[in-house]
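In: kindly generate the corresponding structure for this input.
(chains A, B, C and D)
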Number of protein chains: 2
Amino acid sequence: MTNLTIGEVAKRANLPAKTIRYYEDIGLITPLRDSNGYRVFRESDFHKLTFLGRARALGFTIEDCRTLLALYEDDSRASADVKAIAQKHLTEIEAKITDLQAMHATLSDLSQKCCGDARPDCPILEGLSGQTN
Amino acid sequence: MTNLTIGEVAKRANLPAKTIRYYEDIGLITPLRDSNGYRVFRESDFHKLTFLGRARALGFTIEDCRTLLALYEDDSRASADVKAIAQKHLTEIEAKITDLQAMHATLSDLSQKCCGDARPDCPILEGLSGQTN
DNA sequence: CTTGACCTTCCCCCAACTGGAACCTTGACA
DNA sequence: TGTCAAGGTTCCAGTTGGGGGAAGGTCAAG
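Out: Below you'll find the predicted structure:
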């Protein structure tokens, strides 16, 4: 249960093996190696991988994940440092949502005006071409 | 007013010159060339660029832009073809918004529980590490 | 002894640009 | 005429976060 191959840890952490190799490549994890060259994943590696999986699923960048992981490992961290990263990310998420909502509003507006039949008249194309009509 | 250099058309279309060169590279526009090798942009090139700028601002992929531009140029198009692309894109935007809202909900939940002071106790890290607490 | 399922490294590919190097052209000014 | 800055040109590399696939090593089962 403690030492896993990449395939086993991939299943348990629910991450592609490719992704795990990539995370080692960029220094997020450092699994041991067996005499045959195979990676050996300890519990601690598995925990880091699940941590990374969740953080990525929440949209944190790899660099944020690196920082969060370091804070996670640091018993003397200040929770303020973690919260600051989370708040910054929340702000970015809000900005993206706002952008997408604006796009959606504009495009659904144009789309509603387009009857979508066999004729060439198209308010969507007119809107894109800049006709104020 | 009709023939522009890349710098001039970049200003008017509000696009970086680099982006315009890239659009030529991938065949979205085909400006003429002067005897000195400089690109020469006609009105029609300018119109295509503003069209592309707007379509990209609405989040359409380059390939969607290529298709939309072809439809724009095609007088015998069916508006249904345009509308189909728009509707598909709207659905994708909606999916992204939903994803981001879910991330936001989870993360703001965790963040609210974190007092964010100098102490190490941090519900955000606990949440990321998978503690059901 | 071979087969199939693993594992390894390596390199290229994706979107949609952006930055920078090295070099050419043009117009203005001394 | 020399030169300088501000344009233009091409080409190459890097970005994010991996994915696809080749070429080859390893291991357990039959």
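
In: do the longest helix seen in chain A and chain B meet?
Out: Longest helix of chain A, by residue count under DSSP state H: helix A:79-113. Yes: contact of helix A:79-113 with chain B (C-beta under 8 Å from any C-beta of the partner chain) involves A:79-80, A:82-84, A:86-87, A:89-90, A:93-94, A:96-97, A:100-101, A:103-104, A:106-108, A:110-111. Backbone N, C-alpha and C define where each C-beta goes, glycine included.

In: indicate the residue of chain A located nearest to DNA strand C.
Out: For chain A and DNA strand C, the shortest gap (C-beta to the nearest atom of the strand) falls at A:Gly7, measuring 2.5 Å.

In: hang on, isn't that residue packed against A:Ala17?
Out: Yes: at 6.2 Å, A:Gly7 and A:Ala17 qualify as touching, with contact defined as C-beta atoms under 8 Å.

In: which one of those two is surrounded by more residues?
Out: Taking neighbours as other C-beta atoms under 10 Å in any protein chain shown, A:Gly7 and A:Ala17 compare with A:Ala17 leading, 15 against 11.

In: what's the local residue count around the residue lying closest to that one once chain neighbours are set aside?
Out: Excluding the flanking residues, the one nearest A:Ala17 by C-beta to C-beta, 6 or more residues apart in numbering or on different chains is A:Ala10, at 4.5 Å. Residues within reach of A:Ala10, counting by other C-beta under 10 Å, total 19.

In: just to revisit the earlier point, just the angle for the longest helix of chain A relative to helix B:79-113, thanks.
Out: 160 degrees (axes from the mean of the first three to the mean of the last three C-alpha atoms, to 10 degrees).

In: which parts of helix A:79-113 are buried?
Out: Neighbour counts using 16 or more other C-beta atoms under 10 Å in any protein chain shown place A:79, A:81-83, A:85-86, A:89-90, A:93, A:96-97, A:99-100, A:103-104, A:107, A:110-111 of helix A:79-113 among the buried residues.

In: and what of stretch A:25-42?
Out: A:28-29, A:31, A:39-41.

In: turn those residues into CSV, columns for pLDDT, secondary structure and distance to A:Asn3.
Out: Formatted as CSV, those follow (pLDDT from 0 to 100; DSSP: H, G, I helix; E, B strand; the rest coil; distance: C-beta to C-beta, whole Å):
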residue, pLDDT, secondary structure, distance to A:Asn3
A:Leu28, 97, coil, 19
A:Ile29, 97, coil, 14
A:Pro31, 98, coil, 10
A:Arg39, 98, strand, 10
A:Val40, 98, strand, 5
A:Phe41, 98, strand, 7
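
In: near DNA strand C, from those?
Out: Here is what survives when these are matched to DNA strand C using C-beta under 7 Å from any atom of the strand: A:Arg39.

In: nearest to chain B, of the buried residues of stretch A:25-42?
Out: A:Leu28 (13.5 Å; C-beta to the nearest C-beta).

In: done for today, thanks.
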